[in-house]
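Trainee: coords below, sequence missing:
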């Protein structure tokens, strides 16, 4: 697991919020206090004509970048949810289509499809929290594929259902592969570097304003740090849709009715 995924896996949301939001806010306040003791405010006032416009431009650029990352991360999270629902629908359709197949193929496939659903919910959901696929679920999927390859049909009508079922199984395998990939794919390291460095520089620029009311400046600095860090907190929570407290639910699979 990456460091980001480890944070989601080992820290509950309150602890993660403390580490990613509260601690930076405290550090920003302490940093401002130290900076103001080192450099008097009247020296800072002399550079306001330059600092103000530059800070405005920097804040706008970083804000757009941060909003883009948050939006993209949320979109990826939503896509994972949509793919999961689609995979569950294909599985339900596959189970219904087995009624058109002769015995003993029908019974074997129904049993394997139930095992696949149960394995995804009880086993693979746990392994995906670490960004891994379940070997047991993979074996069951291979057994289903082999069962379809061995299936014998009685007439042309059965052949149509069999071909459609094989196409559906292929779709399930593809959606599962995407689901496994989503469980371990986070933001690229270079994007994290830009996020953290850009946020640090943006907050650091607030130190260059020599406001006469120190409490007001400290409050604005802390609030700006909080807004930036809460956005980063959201990114961490949504970046791995199967890890942590904010996850995609297996409800779509649990709601599939598979009567014996």
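Mentor: That came in fine, so what should we check first? Predicted, not measured: the structure shown is a model, and the values here were computed from it.
Trainee: For stretch 212-227, report the contacting residues that lie outside it.
Mentor: For stretch 212-227, the external contacting residues (C-beta atoms under 8 Å, 6 or more residues apart in numbering) are 21, 24-25, 28-29, 32-33, 36, 41, 202-203, 206-207, 209, 211. Where C-beta positions appear, they are placed from N, C-alpha and C, glycine not excepted.
Trainee: Can you check what pLDDT the model gives the closest residue in space to residue 4 that isn't next to it in sequence?
Mentor: Leaving aside its sequence neighbours, residue 4 sits nearest to residue 186 (C-beta to C-beta, 6 or more residues apart in numbering; 5.1 Å). As predicted, residue 186 sits at a pLDDT of 83.
Trainee: before we move on, what about residue 255?
Mentor: Looking at residue 255, its pLDDT stands at 88.
Trainee: which ones are touching it?
Mentor: Contact analysis of residue 255 by C-beta under 8 Å, 6+ apart lists residue 88.
Trainee: Counting neighbours, what do you get for residue 191?
Mentor: Residue 191: 15 surrounding residues under other C-beta atoms under 10 Å.
Trainee: so it touches residue 70, yeah?
Mentor: No - Residue 191 lies out of contact with residue 70 (C-beta atoms under 8 Å); the separation is 11.8 Å.
Trainee: helices or strands up against the lengthiest helix in the chain?
Mentor: Longest helix in the chain by number of residues (criterion: DSSP state H): helix 48-97. The helices and strands touching helix 48-97, judged by 3 or more C-beta pairs under 8 Å, 6 or more residues apart in numbering; DSSP states H and E, are helix 105-119, helix 156-184, helix 189-205, helix 214-239, helix 251-254.
Trainee: Which one of those helices has the poorest average confidence?
Mentor: Note on these: lowest mean pLDDT is at helix 156-184, with a mean of 84.
Trainee: That one versus helix 48-97: what angle between them?
Mentor: Angle, helix 156-184 to helix 48-97, by axes from the mean of the first three to the mean of the last three C-alpha atoms, to 10 degrees: 150 degrees.
Trainee: For helix 156-184, buried residues please.
Mentor: 158, 161-162, 165, 168-169, 171-173, 175-176, 178-180, 182-184 (16 or more other C-beta atoms under 10 Å).
Trainee: Now do it and helix 214-239, the angle between them.
Mentor: Interaxial angle, helix 156-184 versus helix 214-239 (the same axes, to 10 degrees): 150 degrees.
Trainee: any idea of the angle helix 156-184 forms with helix 105-119?
Mentor: 10 degrees.
Trainee: quick one: helix 156-184 to chain centroid distance?
Mentor: 24 Å (C-alpha atoms, centre = their mean, to the nearest Å).
Trainee: and that helix, what does it pack onto?
Mentor: Using 3+ C-beta pairs under 8 Å, 6+ apart, helix 156-184 is in contact with helix 48-97, helix 125-128, helix 135-150.
Trainee: Summarise which helices and strands the second one is packed against.
Mentor: Put plainly, it is helix 125-128. Using 3+ C-beta pairs under 8 Å, 6+ apart, helix 125-128 sits against helix 156-184.
Trainee: Next, the residue nearest to residue 4: secondary structure please.
Mentor: coil (DSSP: H, G, I helix; E, B strand; the rest coil).
Trainee: next one: residue 246
Mentor: Under the three-state scheme (three-state DSSP), residue 246 adopts coil.
Trainee: dump the residue contacts of the residue lying closest to it once chain neighbours are set aside.
Mentor: The spatial neighbour of residue 246 that comes closest, neighbours along the chain excluded (C-beta to C-beta, 6+ apart), is residue 237 at 4.3 Å. Taking C-beta under 8 Å, 6+ apart as the criterion, residue 237 is in contact with 8, 13, 16, 244, 245, 246.
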